[in-house]
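1. Please find the sequence and the predicted model below.
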Amino acid sequence: MTAYSTVTHIGNGSITNFSVPFPYLSKEDISVKNNGVDASYSWVNDSLISQAVAPAAGVEVTITRSTPKTEPSVAIPDGAILTGEMLRGQALQTLYIAQELFDAVQSVQTHAIVAPESEAPNFTLSVAASRANKVVAFDTFGDLTLLGSGSIPVGPTGPTGPAGPQGPQGIQGTQGIQGIQGPNGPTGPTGPTGAQGIQGNSFTPNAVGPFSGRSTYNASAQGFAYLASDTGAIYFKNSATSGDWSAAVTFATGPTGPTGATGATGATGPVGMLWRGAWSGATAYAVNDAISYSGSAYISILTGTNHQPDVSPTYWQLVVSQGAQGAQGIQGIQGPTGATGSTGATGATGPTGAAGPGVATAGSTGQVLLKNSGTNYDTAWGAVGPTGIANDAVTTIKILDANVTDAKLAAGLNGKGTRTVSSSAPTGGANGDVWYKV
């Protein structure tokens with residue numbers, strides 16, 4: 001006979017480990033009995049149990065599985081996404097319960113009195129009153145019959161025999177159907193306040209601000225959380241529809257817990273480097289002194305003096321190497337024009353320059369400057385009058401000083417030449433021109 005949920009091993013006084021050859025949902029569903037009495041055991045692995053003391057020879061070690069029948073092994077809440085693992089768990093629970101019922105029926109059939117099918121006995125019990133104080137027996141044909149006190153000789157009642165040993169515990173019957181729910185009992189008194197529960201998972205809202213700022217997030221996605229800092233309430237978007245917010249969810253802040261004890265002082269960390277600036281051959285350096293040299297940084301690994309870092313690996317270890325020069329950055333934008341500076345001090349007067357060519361030097365009052373030829377600057381001072389100017393030689397006279405009047409010129413030229421009065425400097429000129437000096 002094949003059993004799906006129970007197995008019996010026979011002890012021999014030395015074996016302590018016994019196999020569990022059938023699957024189960026939980027180790028709590030497995031029980032072990034020695035000759036029908038609960039036995040202590042531990043698990044060696046998922047298919048082997050062990051008893052601390054080996055059962056005696058001939059002891060029946062029965063290992064039985066009893067799958068829970070009142071509660072599902074996997075709770076599936078409304079709206080949950082079904083997974084293969086959930087369905088498999090429920091299917092296995094149903095299968096295991098069916099196997100256990102099958103094993104129980106087989107056990108009953110094994111211990112029942114069954115007539116051969118070829119005889120097909122037909123025996124019907126009479127009503128209770130007519131079969132009282134009678135026994136079931138086989139008649140001369142081998143069929144079942146009821147025998148009463150008149151049919152069986154009864155001897156004197158013998159003494160009561162000693163009580164026999166308690167028989168093994170029968171197998172657990174199948175779970176009956178659930179009864180109807182009884183009426184609600186009266187409400188009991190309020191129980192004492194329970195201990196504070198463990199801290200729940202932390203929650204961080206998507207945005208925090210005053211209640212008036214909630215409208216800024218009206219178009220946020222479903223599930224968006226907004227904490228109104230001025231009211232202490234939190235709101236959730238019910239959907240992606242603009243402004244579809246949940247009702248306010250308020251929460252309270254628990255009391256501040258006691259301050260924890262100050263932790264022990266940690267171990268002292270390793271000695272760090274001591275920055276000593278630029279390397280100097282005259283300085284004595286100790287271990288862990290750090291310096292800079294040629295754009296790189298080194299740390300001293302051996303006490304010493306005047307050991308150039310880049311060629312003394314026994315004394316110095318490179319920490320940071322100078323990097324390559326980076327590419328030139330782009331030119332910055334031109335800054336604003338600065339304010340006009342104050343006027344500088346007047347410079348010293350330079351030396352007098354050498355006399356240039358031009359008007360001849362010397363001359364006396366009343367003389368005029370006469371052109372000797374058409375060459376530039378070929379002039380000389382001379383008197384104005386008939387003796388000073390050749391006949392018809394002077395054709396144009398240019399006057400540079402307004403104090404020289406036409407009358408004076410007419411008298412001086414004695415009718416010779418052309419008189420021109422001007423305050424501008426004379427330009428050009430030809431042979432015979434006269435400039436009058438006063």
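-> Received the coordinates, thanks. Numbering: from 1, shown residues only.

2. from here on, contacts and neighbour counts on C-alpha atoms
-> Will do.

3. So what's the residue count around the closest residue to Ala247 other than its chain neighbours?
-> Excluding the flanking residues, the one nearest Ala247 by CA to CA, 6 or more residues apart in numbering is Tyr235, at 6.5 Å. For Tyr235, the neighbour count with other CA atoms under 10 Å is 20.

4. likewise Val32?
-> With other CA under 10 Å as criterion, Val32 counts 21.

5. same thing with Ser300?
-> Residues near Ser300, counting by other CA under 10 Å: 22.

6. ok, it to Tyr285 distance?
-> Noted for Ser300: a distance of 7 Å to Tyr285, by CA to CA, to the nearest Å.

7. Quick check: can you list the domain ranges of the chain?
-> 6-75+85-110, 207-250, 274-320, 368-436 (automatic domain parsing).

8. Identify whichever of those lies nearest to Gln196.
-> domain 207-250 (19.6 Å; CA to CA).

9. Quick one: end-to-end length of the closest one, please.
-> OK, domain 207-250 end separation, CA to CA: 16 Å.

10. Measure how far it is from the centre of its chain, please.
-> The chain centre lies 23 Å from the centre of domain 207-250; the measure is CA atoms, centre = their mean, to the nearest Å.

11. Stretch 362-382 too?
-> With CA atoms, centre = their mean, you get 103 Å for stretch 362-382.

12. Which positions in it come out as buried?
-> Using 16 or more other CA atoms under 10 Å as the test for burial, stretch 362-382 gives Gln367, Val368, Leu369, Leu370, Lys371, Asn372, Asp378, Thr379, Ala380, Trp381, Gly382.

13. May I have the distance across that stretch, first residue to last?
-> End-to-end span of stretch 362-382 (CA to CA): 11 Å.

14. Can you give me the buried ones in whatever helix or strand Arg88 lives in?
-> Assessed by DSSP states H and E, Arg88 sits inside helix 84-110. By 16+ other CA under 10 Å, the buried positions in helix 84-110 come out as Gly89, Leu92, Gln93, Thr94, Tyr96, Ile97, Gln99, Glu100, Leu101, Asp103, Ala104.

15. now the second one: how far from Pro72?
-> To tie it back to what came earlier, the one meant is Leu92. From Leu92 to Pro72 the distance is 11 Å (CA to CA).

16. Common neighbours of these two, please.
-> In terms of CA atoms under 8 Å, 6 or more residues apart in numbering, Leu92 and Pro72 are not both contacted by any residue.

17. Mind checking the pLDDT average for stretch 95-106?
-> For stretch 95-106, the mean per-residue pLDDT is 90.

18. and the residue nearest to Ala247, that one's in a helix?
-> No: using DSSP: H, G, I helix; E, B strand; the rest coil, the secondary structure at Tyr235 is strand, not a helix.

19. Report the contact partners of the closest residue to Ile63 other than its chain neighbours.
-> Of all residues not flanking Ile63 in the chain, Val32 sits nearest, at 4.6 Å (CA to CA, 6+ apart). Applying CA under 8 Å, 6+ apart, we find Val32 in contact with Asp38, Ala39, Ser40, Tyr41, Val61, Thr62, Ile63, Thr64.

20. Can you redo these as JSON lines, where the extra columns are secondary structure, pLDDT and distance to Asn184?
-> Converted to JSON lines, these look like this (DSSP: H, G, I helix; E, B strand; the rest coil; pLDDT from 0 to 100; distance: CA to CA, whole Å):
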{"residue": "Asp38", "secondary structure": "strand", "pLDDT": "95", "distance to Asn184": "38"}
{"residue": "Ala39", "secondary structure": "coil", "pLDDT": "95", "distance to Asn184": "40"}
{"residue": "Ser40", "secondary structure": "coil", "pLDDT": "94", "distance to Asn184": "41"}
{"residue": "Tyr41", "secondary structure": "coil", "pLDDT": "96", "distance to Asn184": "42"}
{"residue": "Val61", "secondary structure": "strand", "pLDDT": "95", "distance to Asn184": "45"}
{"residue": "Thr62", "secondary structure": "strand", "pLDDT": "95", "distance to Asn184": "42"}
{"residue": "Ile63", "secondary structure": "strand", "pLDDT": "95", "distance to Asn184": "41"}
{"residue": "Thr64", "secondary structure": "strand", "pLDDT": "96", "distance to Asn184": "37"}
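
21. Give me the buried subset of these.
-> Looks like the contacts of Val32 have Tyr41, Val61, Thr62, Ile63, Thr64 buried, using 16+ other CA under 10 Å.

22. Of those residues, which is the nearest to Gly266?
-> Tyr41 (46.1 Å).

23. I'd say that closest one and Ser50 touch.
-> Yes: counting by CA atoms under 8 Å, Tyr41 does reach Ser50; the two are 5.5 Å apart.

24. Alpha carbons only: can I get stretch 321-329 in PDB?
-> C-alpha atoms of stretch 321-329 as PDB (Å, rounded to 0.1, in the frame of the first residue of the first chain):
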ATOM      1  CA  SER A 321      52.600  64.400 -10.000                       C
ATOM      2  CA  GLN A 322      52.500  67.700 -11.800                       C
ATOM      3  CA  GLY A 323      50.000  67.500 -14.600                       C
ATOM      4  CA  ALA A 324      50.500  68.500 -18.200                       C
ATOM      5  CA  GLN A 325      49.600  72.100 -19.100                       C
ATOM      6  CA  GLY A 326      46.000  72.400 -20.100                       C
ATOM      7  CA  ALA A 327      44.800  73.900 -23.400                       C
ATOM      8  CA  GLN A 328      44.500  77.600 -23.500                       C
ATOM      9  CA  GLY A 329      41.000  78.700 -22.500                       C
END
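
25. Check which residues of that stretch are buried.
-> Counting neighbours, the buried set in stretch 321-329 is empty (16+ other CA under 10 Å).

26. So for that stretch, mean pLDDT?
-> 82.

27. still on that earlier bit, next structured bit after the helix holding Arg88?
-> Per DSSP H and E, the first helix or strand lying C-terminal to helix 84-110 is helix 128-131.

28. Which elements pack onto the following helix or strand past that next one?
-> Remark: after helix 128-131, the chain's next helix or strand is strand 135-138, criterion DSSP H and E. Contact partners of strand 135-138 among helices and strands, from 3 or more CA pairs under 8 Å, 6 or more residues apart in numbering; DSSP states H and E: strand 144-147.

29. Output the buried residues of helix 84-110 as JSON lines; include the columns distance to Gln199.
-> Formatted as JSON lines, the buried residues of helix 84-110 follow (distance: CA to CA, whole Å):
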{"residue": "Gly89", "distance to Gln199": "31"}
{"residue": "Leu92", "distance to Gln199": "35"}
{"residue": "Gln93", "distance to Gln199": "34"}
{"residue": "Thr94", "distance to Gln199": "37"}
{"residue": "Tyr96", "distance to Gln199": "38"}
{"residue": "Ile97", "distance to Gln199": "39"}
{"residue": "Gln99", "distance to Gln199": "43"}
{"residue": "Glu100", "distance to Gln199": "42"}
{"residue": "Leu101", "distance to Gln199": "44"}
{"residue": "Asp103", "distance to Gln199": "47"}
{"residue": "Ala104", "distance to Gln199": "47"}
